[in-house]
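S.K.: Quick check, what structure comes out for this input:
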Amino acid sequence: MTEGAAAGTVRQITSLTNPRVKDIRALSMKKTRDETGQFLGEGLKLVTDALDEHWPVDTIAFAPAVRELPHVAKAAATVRARGGEVLEVSEAVLAKITRRDNPQMVVGVFRQRLRALADVVVGAGEVWVALEQVRDPGNLGTIIRTVDSVGAKGVILVGETCDPFSFEAVRATMGSMFHVPLVRAGRDAFIAWARHSRVRLVGTHLKATDDYRQVASDQPTVLVMGNEQAGMTDEMAAASTVRVKIPMVGQADSLNLAVATGIMLYELRRPRLV
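M.R.: Below is the predicted model:
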């Protein structure tokens, strides 16, 4: 069979210089993701989670070694039935696409989804997370996964926050990004929305005096977490309804952002978890 020829409805690719390989690999660059509205994710679980949520999967690519596995065959058939592209590629092609020496045997190309801030309604007992100028994609992905785990409702990316559709962020979500709504907003627009929506903004701040263990409530709440180095901006701190701190009793002077967000989320969600 020649390079790129159809095998039924499955296209086989082994050449590292195939134009389709170059197109998919280019999704590692934010510029390409922005232009195409697509992003790349690795692993059968990621593809399956997306399909279960009816998230648009434009392409699935898998190695010959997993061709006959029932879950791979089912995922490929579902993508094909929904009008997507199915590729069988060599492991060398997968390594080039993912830029990893030991890639997983299945990758997917997904369409980006972002909700509008105006459409976000925070109900009684619900918690959203707002991340202001977060820079680390691993932190962002882990927070999205934690939001999913604790039953919070979604994540609002405020200001110059890193791209949730980067390969690193997507990997860190472990599939939770397909279950957690994402929103982008400028800081001023977010603060105006919060005031208009009458939600409680709970912000973590080094100079706060309130203890984080006293903030659980049935009020509609948005937990605000700031930049890894600088924390919340002064404007966001001033807009916060409640400012709290997590006590530090050892020699460390700070917590990892994703860890601190997890602590806060489980405390805010405590009435719903017991």
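S.K.: Flag the shaky bits of the stretch 51-200 of the chain, pLDDT-wise.
M.R.: Nowhere does the stretch 51-200 of the chain drop to pLDDT under 70.
S.K.: so V183 touches A118, yeah?
M.R.: No: in this structure V183 lies outside contact range of A118 using Cβ atoms under 8 Å: 9.6 Å. (Each C-beta comes from the backbone N, C-alpha and C, glycine too.)
S.K.: neighbour-wise, which of the two wins?
M.R.: V183 (20 against 12; other Cβ atoms under 10 Å).
S.K.: Now do V183 against G226, distance only.
M.R.: The spacing between V183 and G226, counted by Cβ to Cβ, to the nearest Å, is 17 Å.
S.K.: This structure: helices as residue ranges?
M.R.: Counting by DSSP state H, one finds helices in the chain at the ranges 19-25, 30-36, 44-52, 70-81, 91-98, 137-150, 167-173, 187-197, 234-239, 257-268, 270-273.
S.K.: Now D58. Nearest residue, chain neighbours left out?
M.R.: V109 (4.7 Å; Cβ to Cβ, 6 or more residues apart in numbering).
S.K.: show me the contacts for that neighbour.
M.R.: Counting by Cβ atoms under 8 Å, 6 or more residues apart in numbering, V109 touches 24, 27, 38-40, 57-61, 85.
S.K.: circling back: now mean neighbour count and distance to E126 too, for the helices of the chain, in TSV please.
M.R.: Shown next, in TSV, are these (neighbours: other Cβ atoms under 10 Å; distance: least, Cβ to Cβ, whole Å):
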stretch	mean neighbour count	distance to E126
helix 19-25	17	37
helix 30-36	13	30
helix 44-52	21	22
helix 70-81	16	32
helix 91-98	19	36
helix 137-150	23	12
helix 167-173	21	20
helix 187-197	16	12
helix 234-239	16	19
helix 257-268	20	10
helix 270-273	12	9
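S.K.: between the ones you listed, which gets nearest to M248?
M.R.: Closest to M248 of these, according to Cβ to Cβ: helix 257-268, at 10.5 Å.
S.K.: now the closest one: mean pLDDT?
M.R.: Taken as a whole, helix 257-268 has a mean pLDDT of 96.
S.K.: Renumber starting at 20 from here on
M.R.: Renumbered: residue one is now 20, and that last one reads helix 276-287.
S.K.: any residues touching that helix, and which ones?
M.R.: 146, 148, 153, 155, 157-158, 161-162, 165-166, 169, 171, 221, 223, 231-232, 234-236, 240, 242, 244, 247, 263, 265, 274, 292.
S.K.: now stretch 248-263
M.R.: In contact with stretch 248-263 (Cβ under 8 Å, 6+ apart) are residues 151-152, 177-178, 206, 210, 213-214, 219-227, 229-231, 233-234, 243-245, 283.
S.K.: Give me the distance from it to the chain's centre.
M.R.: Centre-to-centre, stretch 248-263 and its host chain are 23 Å apart (Cα atoms, centre = their mean, to the nearest Å).
S.K.: likewise stretch 99-111?
M.R.: 23 Å.
S.K.: With stretch 227-238 instead?
M.R.: Distance of stretch 227-238 from the chain centroid (Cα atoms, centre = their mean) equals 26 Å.
S.K.: CA atoms only for that stretch - export them in CSV, please.
M.R.: Output in CSV follows, covering the C-alpha atoms of stretch 227-238 (Å, rounded to 0.1, in the frame of the first residue of the first chain):
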residue,chain,number,x,y,z
ALA,A,227,-5.1,38.2,54.8
THR,A,228,-6.2,37.6,58.4
ASP,A,229,-9.2,35.3,57.9
ASP,A,230,-8.5,31.6,58.1
TYR,A,231,-9.2,29.5,55.1
ARG,A,232,-11.2,26.9,57.2
GLN,A,233,-13.9,29.5,57.9
VAL,A,234,-15.1,30.2,54.4
ALA,A,235,-17.4,27.2,53.5
SER,A,236,-20.8,28.5,52.6
ASP,A,237,-23.8,27.9,50.4
GLN,A,238,-23.3,31.3,48.8
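S.K.: Quick check, central residue of the chain?
M.R.: M196 (4.1 Å; Cα atoms, centre = their mean).
S.K.: Show the contacting residues for the closest residue in space to that one that isn't next to it in sequence.
M.R.: Leaving aside its sequence neighbours, M196 sits nearest to I163 (Cβ to Cβ, 6+ apart; 5.4 Å). Counting by Cβ under 8 Å, 6+ apart, I163 touches 174, 183, 188, 191-192, 195-196, 199, 201.
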